[in-house]
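**Q** Fold the following.
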Amino acid sequence: MDQTELLVIGAGPCGLAVGVAAKKAGVPCVLLDRRTIVSTIERYPLSMTFFSTPARIEIGNIPFIASHEKPTRRDGLIYYRRVAEHYGLDIRPAEEVVDVVRESGGYRVDVRRQHDEKVYRADAVVFATGYYDNPNFLRVPGEELPHVVHYFSEGHPYWRRRVVVIGAGNSSVDAALECWRAGAVTTLVHFGDGFDRTVKAWVLPDIVNRVKEGSIGVRWRSRVRAITPTEVEIVSDETGAVECLPTDAVLAMTGYHADTTMLQRLGAPVDPGTGIPAHDEATMATPLPGIYLAGVIASGNDANRLFIENSRGHGELIVRDLLGKKRTRMPSASGSAPEPASSRHASP
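**A** Presented below is the predicted three-dimensional model:
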């Protein structure tokens, strides 16, 4: 059994930021990831560019040097590997945490690896598991068919194929444009009456013009009712009319959500409406002793509320709180407990 003071579940940018803060503070820390370092970025579309400028997604005071104003997926992979190597972070890929159990004075973390299982013991655990492993399913007949996917890498495989893209956010727009440019017959289906407000400003005119000229088809205020090997059945919210679109591939770009199952098993309260686990935003501590959140898992069902820019500081908050609680528990030099803060400056 490996033992550490701090264990981080997830080695994405926000998990790495926790590891960096721990390293700087001299706190022993292990990071586990079911896939690899920044695996979410690794699974982004090959031509993806970040919303943010490099400076806004830097961590650990390591400059993010990129050749363009908006860094690419490849830039991100290189940069975060560089940060991990610079700080010598103890990251262990292909170690999937399957359970966290509270024990006396800490936590037991059960891990599944490719050929065996392993157990860690940690004084404190940070959940930095993101959301990208958990697609929002349509829950319609046929969604499990092999030509239906919830992740998109590039348009080339869809050359001269009929593609239905479900959704109207950034992922959907990028997929639709790439497939069309690669030679696919592309149709967007969305329950709303326009593109999401979060679509990147420099991409929106492109997709609007492609729809306006008829290069990319669109079915607004429509929902997918069923998928077959050769068609997508959609129904109009306005008229109730049903249409069957001939289809070779379905890209269900319907978003993702955080998985709070392990947190709930531990007893952490999770708001049933928002999906947000109870936590103190000033420390990222949950009501459970030694259990913290980092990154988008703290945003619940709204995956657009937190991202690298505004959650990269979670690591410093967590480590500061951890050290503060550690000092509070330490006996004074005389062997007695420290005097309560309220009485330290009292008059004799």
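
**Q** Starting from the helix or strand containing residue 163, tell me which strands it pairs with and how they run.
**A** Element membership for residue 163 (DSSP states H and E) is strand 162-166. Here strand 162-166 has these sheet partners by DSSP bridges: strand 185-189 (parallel), strand 249-252 (parallel).

**Q** Give the rounded mean pLDDT of it.
**A** Mean pLDDT, strand 162-166: 98.

**Q** Other residues contacting the helix or strand just after it?
**A** Next helix or strand after strand 162-166 toward the C-terminus (DSSP H and E): helix 170-181. Contact with helix 170-181 is made by 45, 47-48, 152, 154-155, 158, 163, 165-166, 186, 188, 190, 195-196, 198-200, 203-204, 206-207, 210, 215-216, 251, 253, 255, as judged by C-beta atoms under 8 Å, 6 or more residues apart in numbering. (C-beta placed from N, C-alpha, C; glycine too.)

**Q** phi, psi of the closest residue in space to residue 260 that isn't next to it in sequence?
**A** If the residues on either side of it in the chain are set aside, residue 260 comes closest to residue 270, at 4.9 Å by C-beta to C-beta, 6 or more residues apart in numbering. For residue 270, the backbone dihedrals are phi -130, psi 130 (criterion: degrees, to the nearest 10).

**Q** If residue 270 is in a bridge, with which residues?
**A** residue 277.

**Q** Okay, it and residue 101: tell me how far apart.
**A** 18 Å (C-beta to C-beta, to the nearest Å).

**Q** These two: which has the busier surroundings?
**A** Taking other C-beta atoms under 10 Å, residue 270 and residue 101 do not tie; residue 270 has more neighbours (17 against 12).

**Q** There's contact between that one and residue 276 in this structure, I believe.
**A** Yes: with contact defined as C-beta atoms under 8 Å, residue 270 reaches residue 276; the gap is 7.0 Å.

**Q** tell me, what's touching the two both at once?
**A** residue 300.

**Q** and residue 340, what pLDDT?
**A** Taking residue 340 on its own, its pLDDT is 38.

**Q** again but with residue 104, I slipped
**A** 89.

**Q** State the number of residues packed around it.
**A** With other C-beta under 10 Å as criterion, residue 104 counts 4.

**Q** Could you do residue 6 as well?
**A** Neighbourhood size, residue 6 [other C-beta under 10 Å]: 24.

**Q** again with residue 26
**A** If we define neighbours as other C-beta under 10 Å, then residue 26 has 10 of them.

**Q** Give me the distance between it and residue 242.
**A** Applying C-beta to C-beta, the value for residue 26 to residue 242 is 64 Å.

**Q** now for the worst-scoring helix or strand of the chain on mean pLDDT, which elements pack on it?
**A** The helix or strand of the chain with the lowest confidence, counting by mean pLDDT, DSSP states H and E, is helix 308-311 at a mean of 88. For helix 308-311, the elements it packs on are helix 13-25, judged by 3 or more C-beta pairs under 8 Å, 6 or more residues apart in numbering; DSSP states H and E.
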